[in-house]
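Q: Can you look at this prediction? I've put the sequence above it.
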Amino acid sequence: MLQVIRDRVQGVIVWFIVGAIVVSFALFGINDYFSGNNRGTHAAVVNGKEISVYEYQVAYQNERARMEQMFGGQIDLDMMDQQIKNSALDRVIDNALMMQIALDEGFRISDQHVAEQIQAIDAFHDNGQFSQEMYTQKLRAAGETPAGFEQRIRHSLLTDQLMMGVAATGFATKVEIEQSYRVSKQQREISYFIVDRNKFKDSAKVAEADVVAFYEANKDKYMTPEMVSLEYLELTMDSAMAEVSVTEDDLKSAYDTQKARFTEPVQVKASHILIETGSDAAAAKAKAEALYARLQKGEDFAKLAKENSQDPGSADKGGDLGYFGAGIMDKAFEEASFALKVGELSKPVRSEFGYHLIKVSDRRGGQGKTFAEVRAQLENDLKRDRAKRIFVDKLDTFSTLAFEHPESLDALVDELKLPRKVTPMFPRQGGPGIAENRKVAEVAFSNAVLEDQLNSEVIEISDQSSVVVRVKERKPAEQRPLAQMRAMIEGQLKDKQASETAKAKAEALLAELKAGKKPADKEFSSFARKWIARDNQEANAELSRHLFAMGRPAADAANHDVVVMSGGDVAVVSLHGIRDGDVSAMTAEDKNTTTQQLENATAVADFTAFLAELKKKAEIERFPGNL
C-alpha cells in the first residue's frame, strides 16, 4: 500500500505477437558521413528511413537459426535460402514501420522505465540484484554500448505499446467460445503409414550432367563471402590512466568533500495503522484520532493494527513495514517517520492512501567509513576522473585527425603515439577481436571505408575504448568451384530423388487404400487406427496437425491424403471420424482459457491487418542486390 506506485508498461509481454512479427533494432548511430544517400549500404528504405545491410543480416542470421532449430537439421536450409532472406527483410521492414507509427502517435518511454526494464533482466544480476559492473561487462563482451542497448530497449518498449494498443481490443462472443471449445476438445480417429525416403537414397543415381546443371542454376548460393582485414588504432581509458597520479593531499581533500558518499544511509523501522479515506475523509480522520487516543492510553499497537489497519500487506504483521530509507514511501508518510524518535508514536498523518498512525521502533545507518577504509577506492576514483578528462581530450584529437587526414593513419600515430593493430580477415557478419563489435563490422563494409579507402569515424567499442579503422586488405566474394561443391550437390539431388520415389510409393499406397485394400504393415512405419486428442503424445506431431486440419469425413467412410513431411519422408494419412468436444462439460477454467486464446488470436489478426494497412500506405524500397 505504501510503496511508490508506478505505471509499468510491460515490455515484451505480447509473446504471440512478438514471436510472429517483431525483430529488435540491431543498429543505431552510424554517422551520416558513412551512410549519406548511398543505397549501397542499405537493405531497404521505409518512408525515408534507411535499414542497414547489417541490420538485415542480423535478422537473417536469427531467422536462419530459428529455422535450424525448428527442423533440427533435417532439411537443407540452402534450398530455402531465398525464403529466409525474404522473411528477414520483411521483419526489419515491419519493425521500422511500427517504430515510425509509434513515434508519430506520440508514444514515449521514460528513462526511469527503461532503467527498470534493464534492471529486471536476470543476465545482469549478481546474487539476485542488478549489478552495474556485470551490466557493463556483458554489454562490452557483446560489442554493445550502454547507450545503444538502452536505445534498443526503449524502441522495443515503444513498439510493445503500439502492439498492446491494437491487441487490447480483441474480444470473444459466447458462440465463438463454445465453438472454439468444441474444436479444441475434438477427438479424431486416425491412422497413417510413413514411407521412409532413406530406403531409396542408396539406390538413387545422379548423373554428372544433373550435377553441373544444378550447380549452374544455383551459382549465387556457392559464393565465398567478401572479406576484409582492418588496420586500426585504439584509444583506451587504460592508457589515459597510466598518465595519471594523485598525491596523499589530493586523497584527503577528496575524502573531506565526499564524506556523505561514504556514510551509510539512514533507515527507520516503522509500523503503521492505515485508515483509508474512501468517500468519507472526515470519518476516516475521526477513526484514526480515536485509535490514536487508545494508543495514548497504552493499548497494544500491534493488536490494534491487526484489528483496524486497512493495509493488507502489513496488518497481519501488526503493521510492521520493516526498514526503509528515503525515497521509498509516500512523501508525507516518510517525513513523519523520519521525524520520530525510536519508540515515538505519530498523530494521524494524511497521505494519498488515507490516515496513518506511525510508530518507529528502530533507526540505523548514518555511520561513516574512515579515510583508511576508503583510501584505495578514492585513489581509483580520482585517477579515473582525471583519466576521463585526458581520454576525452585525446578522443577529440583522435576524431579530428581521422577526419582531417582520411587517407592514412600516420598523423594519428605521430600525434598520439598509438600502435598500429591489424584484424584477421572477416566477412560482413563480423569476426574476432574488435570485429565482434557490430558497428565495426558495418563501417568496415561501408562505401567510405571499403570503396573509397578512407579512415572511419571514431567508433566507440565501449565507454573506455574507441577505434579508428581503415581497410588493409580486401578479398572479394569468389565463386566456389564445382569440384568443391560436387559432394554436397550430389547429396541434395539424391535426397530429392529419394523423396520423389517415396512420394510415388505413397501415392500408390493411397490408391490402394481408396480401392479398399490394406497394405502390408511390414513395408511401412504405421500408426494403427485410434482415437486421439489434439494434445496427444503418441502420434507423429506433424501428421497429427495435418489430420486435425482435414475436413470431416462422410459417415462410414474415411478421408485420405498424402503428406510430404518436413524431413523428406512421405506419409499417407487417413481420417476415419470426428467427435466434437462436449460444451456441457466446459468448466469455468476451460471457459477462461478458451476466451483468452480467442482474444489472443483476434489480437494477432487485428495487428496483422493493421500492419498490412501500414505497408499499403508506406513508401518502401528494397535493395535485394545489396543483400
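A: Here it is on my side, so go on. Numbers count the residues shown, from 1 in each chain.

Q: Contact partners for F391?
A: For F391, the contacting residues are L235, M237, A240, Q464, by C-beta atoms under 8 Å, 6 or more residues apart in numbering. Placement of C-beta: from N, CA and C, glycine included.

Q: Let's verify it: helix, strand, or coil?
A: helix (DSSP: H, G, I helix; E, B strand; the rest coil).

Q: For it, give its distance to M223.
A: F391 sits 42 Å away from M223, going by C-beta to C-beta, to the nearest Å.

Q: tally of neighbours for V443?
A: Using other C-beta atoms under 10 Å as the criterion, V443 is surrounded by 25 other residues.

Q: Quick check, it in contact with L454.
A: No: assessed by C-beta atoms under 8 Å, V443 is found out of contact with L454, at 10.5 Å.

Q: name the element the closest residue in space to L513 that isn't next to it in sequence belongs to?
A: Closest residue to L513 apart from its sequence neighbours, by C-beta to C-beta, 6 or more residues apart in numbering: H560 at 5.3 Å. Here H560 is covered by strand 559-564, with elements defined by DSSP states H and E.

Q: how far does that strand sit from the chain's center?
A: 39 Å (C-alpha atoms, centre = their mean, to the nearest Å).

Q: how about the strands of the stretch 301-450 of the chain, start to end?
A: Using DSSP state E, counting those that start in this stretch, the strands of the stretch 301-450 of the chain run over residues 320-324, 349-350, 354-364, 421-422.

Q: ugh, typo on my part, it should be the stretch 1-150 of the chain
A: With DSSP E, counting those that start in this stretch as the criterion, the stretch 1-150 of the chain has strands at 42-46, 49-52, 125-126, 129-130.

Q: now swap in the stretch 451-600 of the chain and tell me
A: 459-462, 465-475, 525-533, 559-564, 570-579.

Q: Of these, give the one that comes closest to P406.
A: Closest approach to P406 among the strands of the stretch 451-600 of the chain (C-beta to C-beta): strand 465-475, 8.6 Å.

Q: which SS class is D160?
A: Judged by three-state DSSP, the three-state class of D160 is helix.

Q: That one and D90, how far apart?
A: From D160 across to D90, the span is 19 Å (C-beta to C-beta).

Q: Neighbour count for these two, which is higher?
A: D160 (24 against 17).

Q: ok, back up a step: tell me the one of the contacts of F391 nearest M67?
A: The nearest one, if we look at the contacts of F391 relative to M67 and count by C-beta to C-beta, is Q464, at 38.0 Å.

Q: Give the buried residues for stretch 176-184.
A: Of all the residues in stretch 176-184, those buried under the rule 16 or more other C-beta atoms under 10 Å are E176, I177, Q179, S180, Y181, R182, S184.

Q: now do stretch 309-326
A: For stretch 309-326, burial by neighbour count (16+ other C-beta under 10 Å) applies to S309, D311, S314, A315, G318, G319, D320, L321, F324.

Q: Tell me which of the strands of the stretch 451-600 of the chain sits most buried.
A: Mean neighbour count (mean count of other C-beta atoms under 10 Å) peaks for strand 570-579 among these, with a mean of 21.

Q: Arrange the buried residues of stretch 176-184 in TSV, one row each, with secondary structure, pLDDT and distance to A209 as further columns.
A: Output for the buried residues of stretch 176-184, formatted as TSV (DSSP: H, G, I helix; E, B strand; the rest coil; pLDDT from 0 to 100; distance: C-beta to C-beta, whole Å):
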residue	secondary structure	pLDDT	distance to A209
E176	helix	88	58
I177	helix	89	60
Q179	helix	90	56
S180	helix	88	55
Y181	helix	90	58
R182	helix	92	56
S184	helix	89	53
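
Q: wait, which of those residues is closest to E334?
A: Distances from E334 to those, taken by C-beta to C-beta, are shortest for I177, at 48.2 Å.

Q: Next one: the closest one from Y232, what distance?
A: I177 is 62 Å from Y232, by C-beta to C-beta.

Q: Same check on P432?
A: For P432, the distance to Y232 (C-beta to C-beta) stands at 13 Å.
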